[in-house]
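Trainee: Sharing a model prediction with you, sequence too.
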Amino acid sequence: MKEIPHTPGPWRWSVGNGYNSGVYVLRGDDEICEVFYDCDTEALPDRANAALIAAAPDLLEALRKLANEVGALKAFEADIRDFIGNSNWAVLMQRLADADEAISKASPNLPSASQEGGE
């Protein structure tokens, strides 16, 4: 798999205090971004957004690995279609396309995970 040029994980989120009272996404002590919807740091959307952003590197890595493995199954398409049926194969390939689209949004200018082949 190609290296993704974003700040590597793990990321975490934290609520600031005092002057810095926003909700932050951090790598170690380095700020990745501030999630700021309003001044109420108790606001659930702020924390939920920060948690999702903080999980992004792990989610992206897991999705790329999964898409890579599912993409490799194309080599056995006939056998797999016989086993799981044509409609289930079609659903699996649609999910792979959805995963590739999500990966492309997160990592433009890189090949999709299912097009890279095995690790």
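Mentor: Thanks, I have it.
Trainee: Next, the buried residues of the longest helix along the chain.
Mentor: With secondary structure taken from DSSP state H, the chain has its longest helix at helix 44-72. Using 16 or more other Cβ atoms under 10 Å as the test for burial, helix 44-72 gives 46-47, 49-50, 53-55, 57, 60, 63-64, 67-68, 70-71. C-betas here are computed from N, CA, C, even on glycine.
Trainee: Stretch 95-110 now?
Mentor: Buried, per 16+ other Cβ under 10 Å, within stretch 95-110: 96, 99-100, 102-103, 107, 110.
Trainee: Where does pLDDT dip in this structure?
Mentor: 1-4, 17-21, 36-44, 109-119 (pLDDT under 70).
Trainee: right, and residue 33 touches residue 25 too?
Mentor: Yes. Residue 33 is within contact range of residue 25, at 5.1 Å (criterion: Cβ atoms under 8 Å).
Trainee: More neighbours: which of the two?
Mentor: residue 25 (22 against 17; other Cβ atoms under 10 Å).
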